[in-house]
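1. attaching a predicted model along with its sequence, questions to come.
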Amino acid sequence: MKDQEFRNKVKRIYLGVTLFFGLLVMGAGALIYKLTDPSFLSFDEEKRTETYSKADNFDKIENGIHLATGFKDDVGLQTVIVSCTPCHSAKLVTQNRANKEGWISIIRWMQETQNLWDLGNNESVIVNYLAKNYAPEEKGRRDNLEDIEWYDLEK
Ligand code: HEC
């Protein structure tokens, strides 16, 4: 009986020692890993502020331009950002020019061939925004007239 108790005691001590060394090895492992990769398990401020400032910058508008996308700031900007940047860069939008009908047909084309979803009530907001801010560029002054036969006005 005493023999059995002794054996149990030894077992428990053995278990405790094994557990202790196990934890020690894990701790040492983590420490070594930390030395090779300092960002491991560190919740340092620097990273967090970086994330926050990026989020702040996303709404930044300078000289009427939404910096993160390059879109012009106007009514409907947020709707356009949400609807028109998931699949491609905003540049693809801003480098194009069209009137209302033109923008609607571009949207229809994407809906028919590129899986663009139904924009619902947002469509008119988006089309108004695009037709106003990305309208066909107006030609400046017309070209000079050439080879015209002038005539004298009768008195
Ligand atoms: C579901 C994905 C998706 C969404 C959302 C999307 N597009 Fe597109 N769009 C595309 C694809 C795909 C192309 C083709 C890209 C290419 O040719 O490389 C494209 C091309 C374009 C083009 C270029 C067309 C041309 O003739 O070259 C314009 C302009 C455009 N999209 C505007 C928009 C606008 C405005 C919105 C918001 C209403 C929008 N896109 C939202 C998928 C999308």
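-> Done, it's in.

2. hey, where'd the strands end up in the chain?
-> For the chain, applying DSSP state E gives strands covering 61-62, 65-66.

3. make CSV from those and add distance to residue 89, mean neighbour count and mean pLDDT to it.
-> C-betas here are computed from N, CA, C, even on glycine. CSV is the format used below for those (distance: least, Cβ to Cβ, whole Å; neighbours: other Cβ atoms under 10 Å; pLDDT from 0 to 100):
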stretch, distance to residue 89, mean neighbour count, mean pLDDT
strand 61-62, 18, 10, 92
strand 65-66, 13, 17, 94
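
4. stretch 84-101 and the ligand, any residue contact?
-> Yes. On the criterion Cβ under 6 Å from any ligand atom, stretch 84-101 is in touch with the ligand at 84, 86, 87, 88, 92, 93, 96.

5. list, one by one, the residues from the chain near the ligand.
-> Selection of the chain residues close to the ligand by Cβ under 6 Å from any ligand atom yields 83-84, 86-88, 92-93, 96, 106-107, 110, 114-116, 126, 130.

6. what's the domain layout of this structure?
-> Residue ranges for the domains of the chain, per automatic domain parsing: 1-42, 58-133.

7. gap between the first one and the chain center?
-> Right, the one you point to is domain 1-42. 46 Å (Cα atoms, centre = their mean, to the nearest Å).

8. ok, back up a step: who wins on neighbours among the residues of the chain next to the ligand?
-> Using other Cβ atoms under 10 Å as the neighbour criterion, residue 130 leads these with 27 neighbours.

9. the residue lying closest to residue 94 once chain neighbours are set aside: neighbour count?
-> Nearest residue to residue 94, sequence neighbours excluded (Cβ to Cβ, 6 or more residues apart in numbering): residue 70, at 5.5 Å. When neighbours are counted by other Cβ under 10 Å, residue 70 registers 13.

10. pLDDT at residue 70, what is it?
-> Per-residue confidence (pLDDT) for residue 70: 95.

11. same question for residue 126.
-> Note for residue 126: predicted pLDDT of 97.

12. so what's it up against?
-> Applying Cβ atoms under 8 Å, 6 or more residues apart in numbering to residue 126 gives the contacts 76, 79, 80, 83, 84, 103, 107, 119.

13. quick one, what contacts the closest residue in space to it that isn't next to it in sequence?
-> Spatial nearest neighbour of residue 126, excluding adjacent residues (Cβ to Cβ, 6+ apart): residue 80 at 5.4 Å. Residues in contact with residue 80 (Cβ under 8 Å, 6+ apart) are 71, 93, 125, 126, 129, 130.
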